[in-house]
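Trainee: build me a model from this:
(one chain, ligands or ions: 1)
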Amino acid sequence: MDLNRGISTKIVRVNPATNSSDDSVNSLILPLTLFDLRWIKFHSNKRVIFYRLTDSSPESFHILILPKLELSLSLVLSHYLPLAGRLTWDPQDSKPSIIVSKDDTVSLTVAVTNADFSFLAGNGLRPATEFRSLVPELTVCDDSATVLSLQITLFPNQVFCIGIASHHSVLDGKTSTMFLKSWAHICRLQEHNKAIDFPLLPEDLTPSFDRTVVNVPLGLEAKMMELLLYLSKDIDNFRTLKPPPISEISADVVRVTLELTSENVEKLRERVKNNSVRSLLDLHLSTFVIAYAYALTCVVKARGGDANRPVHFIYTADLSHRLDPQIPTTYFGNCVFPVGWFQYEARTFLEEDGFVNVVEILSDSPGAQIGAVAGSTRLGVYGSDFGWGRPAKTEVVSIDNNEAFSMSERRDEPGGVEMGVCLKKSEMNIFLSLFKNGLSD
Ligand SMILES: CC(C)(COP(=O)(O)OP(=O)(O)OC[C@H]1O[C@@H](n2cnc3c(N)ncnc32)[C@H](O)[C@@H]1OP(=O)(O)O)[C@@H](O)C(=O)NCCC(=O)NCCSC(=O)CC(=O)O
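Mentor: Numbering: from 1, shown residues only. Next up, the predicted model:
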């Protein structure tokens, strides 16, 4: 593993805890639904979450904290068994399934680094490449892929981070955050010395694996496989779980974290109301639309270039409460689907009213394709407390290669939005000046 700044690592395999009197944790097959299938050839979602410990030394991290994290991981995996399994596409099957076998484990990399936490977990400009070494890879081959891979990295001065790589066809943002909160919940029980052999999870964190709740018309899955074939860049080798190759991240790509306060959002909202020719009833002026339209307009303007060049933009919608019947909030699996626009040219964004134009577009009904906003302000990722306080910072690492934004709630204030953006340094400087100046206009 290429690790910056003197990281040392070891890899441990964590198995789902089994009750010695119960040998039922043997094997499990979980089919993919329509909403899972859309993501089978996607690159893994990668997130890193930084925690600041209160009173610890590297010794106590290894002696006390790491064992608690490992034990609670093993316990939580017994509730989330599919995460120990593999996405598997057998030659005789028309679609992949999740298969868990008796001795399946999750890979946990344990690393120690002397990188500067306050720099990496700050909001300023940071080389995007530095985050790669904090999150492990999934193992993917043509007919099989691991579902979850974890890394815990200890920094100097009582800080550690958890890096999570997950397969999008198994976990969407809601399910992956639920898993994280469940792990944190069980770890907190250990931390408070309430160690119980097999702790139950609260109802809102107990995953439901019942696939029959996804009630979609028969035949849509076959249509989805046709769509994937159509979108595949390698039609001759369609039956592979390997995602299309992506180019290496260039060394001049930098990451920044931006916040829009509720006041910023309100001001931008007023700007749309005052400048749009549309009736207010035709505008969807949510925080999400305002933030996405604003940031995207600044990115397109920062790149400049030919006003006729196409600009494709996309987001992912959670359909769980939009289906009839609705899907329970504890359902384990994807309920998200990508929504996108492909017919616009850069000029729409470059005009003086570019931001207002994009709000109007996002207010309309969509077409469909891949996603470019990772995360959501609704997932509550800053609520994942393992017993040492809320995260100091979270980053979606995987936005560094697909021009996506990440979104989450703000850590310290209600309302507004925290966004992550990765751009080449030269574009980033222009983007930041547009973003900041636009808020003070
Ligand atoms: C399609 C959307 C993005 C559109 O969002 P909008 O906010 O514009 O529109 P909306 O109709 O949903 O909401 C309108 C207003 O109601 C509020 N609102 C609605 N439902 C809410 C809820 N459950 N909790 C809190 N607020 C809610 C919104 O905050 C907003 O108010 P206000 O204006 O005040 O905010 C969203 O509905 C959605 O589906 N979000 C979830 C997307 C998601 O799950 N992403 C993760 C993808 S997977 C992924 O990325 C991988 C990973 O993370 O691992």
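Trainee: what parts of the stretch 301-441 of the chain come near the ligand?
Mentor: Contact residues (CB under 6 Å from any ligand atom) of the stretch 301-441 of the chain with the ligand: Y315, T316, A317, D318, V336, A374, G375, S376, R378. C-beta coordinates here come from the backbone N, C-alpha and C atoms, glycine included.
Trainee: the nearest residue to the first one once chain neighbours are set aside bridge partners, please.
Mentor: Of all residues not flanking Y315 in the chain, V373 sits nearest, at 4.4 Å (CB to CB, 6 or more residues apart in numbering). For V373, the residues forming beta bridges with it (DSSP bridges) are F405.
Trainee: how many residues are close by V373?
Mentor: 25 (other CB atoms under 10 Å).
Trainee: quick one: residues contacting N237.
Mentor: D142 (CB atoms under 8 Å, 6 or more residues apart in numbering).
Trainee: just the pLDDT at it, thanks.
Mentor: On the pLDDT scale, N237 is placed at 81.
Trainee: any idea how far it is from E137?
Mentor: Here N237 is placed at a distance of 21 Å from E137 (CB to CB, to the nearest Å).
Trainee: do the same with S74
Mentor: Applying CB to CB to S74 and E137 gives a distance of 22 Å.
Trainee: re earlier: wait, the residue nearest to Y315 sits on V289?
Mentor: No: assessed by CB atoms under 8 Å, V373 is found out of contact with V289, at 10.9 Å.
Trainee: quick revisit: most neighbours among the residues of the stretch 301-441 of the chain next to the ligand, please name it.
Mentor: Neighbour counts for these, by other CB under 10 Å, peak at G375, which reaches 27 neighbours.
Trainee: quick check: phi and psi at that one.
Mentor: phi 80, psi -170 (degrees, to the nearest 10).
Trainee: who in the stretch 51-200 of the chain is up against the ligand?
Mentor: Counting by CB under 6 Å from any ligand atom, the residues of the stretch 51-200 of the chain near the ligand are D172, G173, K174, S176.
Trainee: how about a cut-off of 5 Å?
Mentor: D172, G173, S176 (CB under 5 Å from any ligand atom).
Trainee: and the longest helix anywhere in the chain, how far out from the chain middle?
Mentor: The longest helix of the chain (DSSP state H) is helix 173-191. The chain centre lies 15 Å from the centre of helix 173-191; the measure is CA atoms, centre = their mean, to the nearest Å.
Trainee: just the CA trace of that helix, in PDB.
Mentor: What follows is helix 173-191 as a C-alpha-only set of coordinates in PDB (Å, rounded to 0.1, in the frame of the first residue of the first chain):
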ATOM      1  CA  GLY A 173     -26.000   6.500   1.700                       C
ATOM      2  CA  LYS A 174     -28.800   5.700   4.200                       C
ATOM      3  CA  THR A 175     -27.900   2.100   4.800                       C
ATOM      4  CA  SER A 176     -24.200   2.800   5.100                       C
ATOM      5  CA  THR A 177     -24.800   5.600   7.600                       C
ATOM      6  CA  MET A 178     -27.200   3.200   9.500                       C
ATOM      7  CA  PHE A 179     -24.400   0.600   9.600                       C
ATOM      8  CA  LEU A 180     -21.900   3.200  10.900                       C
ATOM      9  CA  LYS A 181     -24.300   4.400  13.600                       C
ATOM     10  CA  SER A 182     -25.000   0.800  14.600                       C
ATOM     11  CA  TRP A 183     -21.300   0.000  15.000                       C
ATOM     12  CA  ALA A 184     -20.900   3.200  17.000                       C
ATOM     13  CA  HIS A 185     -23.800   2.300  19.200                       C
ATOM     14  CA  ILE A 186     -22.400  -1.100  20.100                       C
ATOM     15  CA  CYS A 187     -18.900   0.400  20.600                       C
ATOM     16  CA  ARG A 188     -20.400   3.000  23.000                       C
ATOM     17  CA  LEU A 189     -21.900   0.100  25.000                       C
ATOM     18  CA  GLN A 190     -18.400  -1.400  25.300                       C
ATOM     19  CA  GLU A 191     -17.000   2.000  26.100                       C
END
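Trainee: ok, then the element right after the worst-scoring helix or strand of the chain on mean pLDDT?
Mentor: Least confident helix or strand, the chain: helix 58-60 with a mean of 75, by mean pLDDT, DSSP states H and E. On the C-terminal side of helix 58-60, the closest following helix or strand by DSSP states H and E is helix 66-79.
Trainee: need the contact partners of that next one.
Mentor: Under the criterion CB under 8 Å, 6+ apart, residues 12, 14-18, 25, 83-84, 106, 108, 110, 150, 152, 162, 179, 182-183, 186-187, 189-191, 198-199, 201, 206-207, 386-387 lie in contact with helix 66-79.
Trainee: in the stretch 101-250 of the chain, what residue is nearest the ligand?
Mentor: With CB to the nearest ligand atom, the shortest gap between the stretch 101-250 of the chain and the ligand falls at G173, namely 3.0 Å.
Trainee: quick check, that residue in contact with V373.
Mentor: No: G173 lies out of contact with V373 (CB under 8 Å); the separation is 10.0 Å.
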